[in-house]
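# Here is a sequence with its predicted model. Questions after.
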Amino acid sequence: MINSKFFEDMSTKLNEAVANSPAKDFEKNARALLSQGFAKLDLVTREEFDVQAQVLARAREQLTALEARITQLEAEKK
């Protein structure tokens with residue numbers, strides 16, 4: 001998803017901070033709330049994003065080539 005290392009680090013720090021305290025329930029509830037929140041978001045992985053960026057770049061190249069071809073054909077027609 002987003003940067004999983006960041007969330008793992010946050011989780012580790014929260015676990016260390018509340019390991020032996022009544023705040024353990026808070027950590028558990030916070031984790032559940034964060035998980036629900038991220039599940040509702042329409043997120044994509046970096047890999048999916050990169051693939052779509054490549055597809056878009058190819059489409060732009062093709063569009064540019066077609067526009068040039070149309071311009072050439074219109075010039076020949078005149």
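Looks like it arrived, so ask away.
# what about the helices in this protein?
Applying DSSP state H to the chain gives helices spanning 4-18, 24-40, 46-77.
# how about these in CSV, adding mean pLDDT and mean neighbour count?
From N, CA and C alone the C-beta is placed, and that goes for glycine too. Compiled in CSV, the helices of the chain are given as follows (pLDDT from 0 to 100; neighbours: other C-beta atoms under 10 Å):
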stretch, mean pLDDT, mean neighbour count
helix 4-18, 76, 11
helix 24-40, 80, 11
helix 46-77, 96, 10
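# Walk me through the domains of the chain.
1-43, 45-78 (automatic domain parsing).
# Name the nearest residue to Arg31, sequence neighbours excluded.
By the measure of C-beta to C-beta, 6 or more residues apart in numbering, the closest residue to Arg31 outside its immediate chain neighbours is Ser11, 6.9 Å from it.
# give the contact list for Ala32.
For Ala32, the contact set (C-beta atoms under 8 Å, 6 or more residues apart in numbering) is empty.
# separation between it and Phe38?
Relative to Phe38, Ala32 is positioned 11 Å away (C-beta to C-beta, to the nearest Å).
# Might you report the residue contacts of the residue positioned nearest the centre of the chain?
Centre of the chain computed as the mean C-alpha position; nearest residue by C-alpha atoms, centre = their mean is Val44, 4.0 Å away. For Val44, the contacting residues are Gln52, taking C-beta under 8 Å, 6+ apart as the criterion.
# Next, give phi and psi for it.
Dihedral pair for Val44: phi -120, psi 160, per degrees, to the nearest 10.
# and it, what pLDDT?
The score at Val44 is 83. That number is its pLDDT.
# ok, so what distance separates the residue lying farthest from the centre of the chain from Leu66?
The outermost residue of the chain, judged against the average C-alpha position, is Lys78 (48.4 Å), by C-alpha atoms, centre = their mean. Remark: distance between Lys78 and Leu66 (C-beta to C-beta) = 19 Å.
# Could you do Glu76 as well?
Look at Glu76 and Leu66: by C-beta to C-beta, they are 16 Å apart.
# Ser11 too?
Between Ser11 and Leu66 the computed distance is 50 Å (C-beta to C-beta).
# Many thanks, have a good one.
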